[in-house]
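Enquirer: when you get a sec, could you give me coordinates for this:
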Amino acid sequence: MSATTQNVYARIPAVDKVLVALDSRELPPLPIPLVTDVVRTAVDLLRAEVKEGAEAVPEFDAFVDGVAGEIDALYRSRIHPVINGTGVCIHTNLGRSPLGGDVVASMLDVGRFYNNIELDLDSGERGKRGGFLEKCLANLVGAEAATVSNNCAAALILILKHLGNGERNEVIISRGELVEIGGGFRVPEIMEASGAKLVEVGATNKTSLEDYAQAIGPRTGMLLKVHRSNFWMGGFTDEPTTEELVTLGHEHDLPVVEDLGSGAMISTESLAPIPHEPTAAEVLQRGVDLVCVSGDKLFGGPQAGIIAGKANLVAGIKKEPFFRALRCDKLILTGLQETVLAYLRNPAGEKPDLPLIRMLSATVEDDLRPRAEAILAQLKPIAELQSGTVESIARCGGGTMPKAEIPSLALDLAPQSMSVTKLAARLRVRDLPVMGYVAENRFRVDLRTVFPEQDAKLVENLLAIF
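Expert: Numbers count the residues shown, from 1 in each chain. Model (predicted):
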């Protein structure tokens, strides 16, 4: 190490000295070990830069300021509530479907106290995990039996491990259904992870029943249909109906499975002016042996994978050794249980009292516009902010119903004393962050996805910034 490097190296602040300096700063309530770790990492990084040839180190106060900023950023990265003004109802980055108040209250009680998750209260002996929930789910979708895993991808893996293994491990699927879900995960990769062998049939845009029939052989374990919940195809396209696949499968004594994904349980067109999304009950009525859907999408519950269909197949899946690794815990089972009960307590076709259902059903004139006018009245004193409303389009999101466009209403904010991007950044770092979107050099907050009880906090955030 050269003399110059040694001199620079000597000016690197000690961890203890930085910690003492941070005592005088207003820092978020992070535990001391986490704060110390941030400081030590920053000091180690500075040392590495000097060793690599850096000829200067920051002034001590500037260095401490930088560390304080990293501590703030770390605290903001914890999971905590945000205001969703994006207009995307099932926003994967923001936790997908929000849970109902009754659902959360039940989860709170089960989490705080002991519970009967695996206890038969009548006999006092060990009971069946999730038995009541499974009965409710089967009743809701009209299935012989049902069970749950920790998400829909896990549900598909469990189905494939049970039906697509051993000497009959080939699973036939159309090339037009080899979809990619969130985070870069693709159906073919999920299938391969299960140990099943993928057999692709047809073309991207056209697959015939004959394509399936010709691919069936002695090693075929099942026919798989994957609903295109996050994209659509148009133009020169064709595919067999579910009923036709079921007939073919049963002619060859092969189970037919549909990965429905989106999790709709009631007619989506009854909620908003959007297309119809197939429900699990409809698919089962068409004759499929098993269907799997997500719990945290259009179903409106916590993250889970719901499997429903023939009782013997569901029972076989539950005996798979891998089932235990993918099962849900007491809180998820409770949340699902209360969400299903919200559906079952309503007559067929009526809307359950769940946040997502209310959000999708809200009307612009009766629900959103009065709230917008009340908010704008409170923002009027801010001279540095031009505010109004604009008609917008909300989306279902979460990889569901990509063609659905829901008429909505957004706050239209034009800051005069800062850029739109700076306003967006400042709103993101509030104690209750606000997520909106920038369009036409305006910052917009779609009120369809903002809870009415958050309106006051939204106003408070904007008043504080300006």
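Enquirer: when you work out contacts or count neighbours from here on, use the C-alpha atoms and nothing else.
Expert: Noted.
Enquirer: where do the strands sit along this protein?
Expert: For the chain, applying DSSP state E gives strands covering 83-84, 145-149, 170-174, 197-201, 220-226, 256-261, 290-294, 305-309, 385-394, 406-415, 434-435, 437-439, 442-446.
Enquirer: low-confidence ranges, the stretch 251-400 of the chain, go.
Expert: Applying pLDDT under 70 to the stretch 251-400 of the chain picks out residues 349.
Enquirer: counting neighbours, what do you get for residue 124?
Expert: Around residue 124 there are 8 other residues, counting by other Cα atoms under 10 Å.
Enquirer: domains in the chain, by residue range?
Expert: Following automatic domain parsing, one gets these domains for the chain: 3-76, 83-94+359-465, 135-328.
Enquirer: gap between the second one and the chain center?
Expert: Between the mean C-alpha location of domain 83-94+359-465 and the chain-wide mean there is a distance of 20 Å, by Cα atoms, centre = their mean, to the nearest Å.
Enquirer: got the end-to-end distance for that domain?
Expert: 16 Å (Cα to Cα, to the nearest Å).
Enquirer: related to what we said a few turns ago, please identify the most buried of the domains of the chain.
Expert: Mean neighbours per residue, mean count of other Cα atoms under 10 Å, is largest over those for domain 135-328, with a mean of 19.
Enquirer: can you give me the end-to-end distance of it?
Expert: By Cα to Cα, one end of domain 135-328 lies 16 Å from the other end.
Enquirer: ok, residues contacting stretch 25-44?
Expert: Under the criterion Cα atoms under 8 Å, 6 or more residues apart in numbering, residues 12-15, 18-19, 67-68, 70-72, 75 lie in contact with stretch 25-44.
Enquirer: okay, the domains of the chain in CSV with distance to residue 129 next?
Expert: Formatted as CSV, the domains of the chain follow (distance: least, Cα to Cα, whole Å):
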stretch, distance to residue 129
domain 3-76, 36
domain 83-94+359-465, 28
domain 135-328, 10
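Enquirer: looking at the ones you listed, which is closest to residue 348?
Expert: domain 135-328 (8.4 Å; Cα to Cα).
Enquirer: now the closest one: how far from the chain's centre is it?
Expert: Using Cα atoms, centre = their mean, the offset of domain 135-328 from its chain centre is 19 Å.
Enquirer: same question, stretch 90-108
Expert: 10 Å.
Enquirer: restricted to helices, list the contacts of stretch 25-44.
Expert: When the contacts of stretch 25-44 are checked against helices (DSSP state H), the matches are 15, 18-19, 67-68, 70-72, 75.
Enquirer: in TSV, list the residues you listed along with pLDDT.
Expert: Shown next, in TSV, are these (pLDDT from 0 to 100):
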residue	pLDDT
15	89
18	91
19	92
67	94
68	95
70	96
71	96
72	95
75	96
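Enquirer: list just the nearest of the residues you listed to residue 51.
Expert: Using Cα to Cα, the ones in helices among the contacts of stretch 25-44 come closest to residue 51 at residue 15, 17.9 Å.
Enquirer: looking at the ones in helices among the contacts of stretch 25-44, spot the one nearest residue 464.
Expert: Comparing the ones in helices among the contacts of stretch 25-44 against residue 464 with Cα to Cα places residue 72 closest, at 18.5 Å.
Enquirer: from residue 125, how far off is the closest one?
Expert: 50 Å.
Enquirer: what's the closest of the ones in helices among the contacts of stretch 25-44 to residue 121?
Expert: The nearest member of these to residue 121, counting by Cα to Cα, is residue 75 at 43.1 Å.
Enquirer: contacting residues around the closest one?
Expert: Contacts of residue 75 by Cα under 8 Å, 6+ apart are 28, 30.
Enquirer: please tell me how far it sits from residue 66.
Expert: For residue 75 relative to residue 66 (Cα to Cα), the value is 14 Å.
Enquirer: out of the ones in helices among the contacts of stretch 25-44, who's nearest residue 146?
Expert: residue 75 (40.3 Å).
Enquirer: quick one on the thing from earlier: right, so of the domains of the chain, which gets closest to residue 352?
Expert: Nearest of the domains of the chain (Cα to Cα): domain 135-328, 9.2 Å.
Enquirer: please enumerate the helices of the stretch 301-450 of the chain.
Expert: 311-319, 330-344, 355-361, 369-379, 420-428 (DSSP state H, counting those that start in this stretch).
Enquirer: distance to residue 248 added to those helices, as JSON lines?
Expert: Formatted as JSON lines, the helices of the stretch 301-450 of the chain follow (distance: least, Cα to Cα, whole Å):
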{"stretch": "helix 311-319", "distance to residue 248": "19"}
{"stretch": "helix 330-344", "distance to residue 248": "33"}
{"stretch": "helix 355-361", "distance to residue 248": "37"}
{"stretch": "helix 369-379", "distance to residue 248": "52"}
{"stretch": "helix 420-428", "distance to residue 248": "53"}
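Enquirer: of all those helices, which one is nearest residue 465?
Expert: Comparing the helices of the stretch 301-450 of the chain by Cα to Cα, helix 420-428 comes nearest, at 7.4 Å.
Enquirer: quick one: average pLDDT of that closest one?
Expert: Mean pLDDT, helix 420-428: 96.
Enquirer: how many degrees apart are it and strand 442-446 in direction?
Expert: 40 degrees (axes from the mean of the first three to the mean of the last three Cα atoms, to 10 degrees).
Enquirer: which strands or helices does helix 420-428 pack on?
Expert: strand 434-435, strand 437-439, strand 442-446, helix 455-465 (3 or more Cα pairs under 8 Å, 6 or more residues apart in numbering; DSSP states H and E).
Enquirer: give me the average confidence score over the last one.
Expert: This means helix 455-465. Average pLDDT, helix 455-465: 96.
Enquirer: remind me what that helix packs against, helices and strands.
Expert: Helix 455-465 packs on helix 369-379, helix 420-428, going by 3+ Cα pairs under 8 Å, 6+ apart.
Enquirer: cool, the first one as well?
Expert: Applying 3+ Cα pairs under 8 Å, 6+ apart, one finds that strand 434-435 makes contact with strand 83-84, helix 420-428.
Enquirer: so which of the ones you listed gets nearest residue 224?
Expert: Proximity to residue 224 (Cα to Cα) singles out strand 83-84 among the helices and strands packed on strand 434-435, at 35.8 Å.
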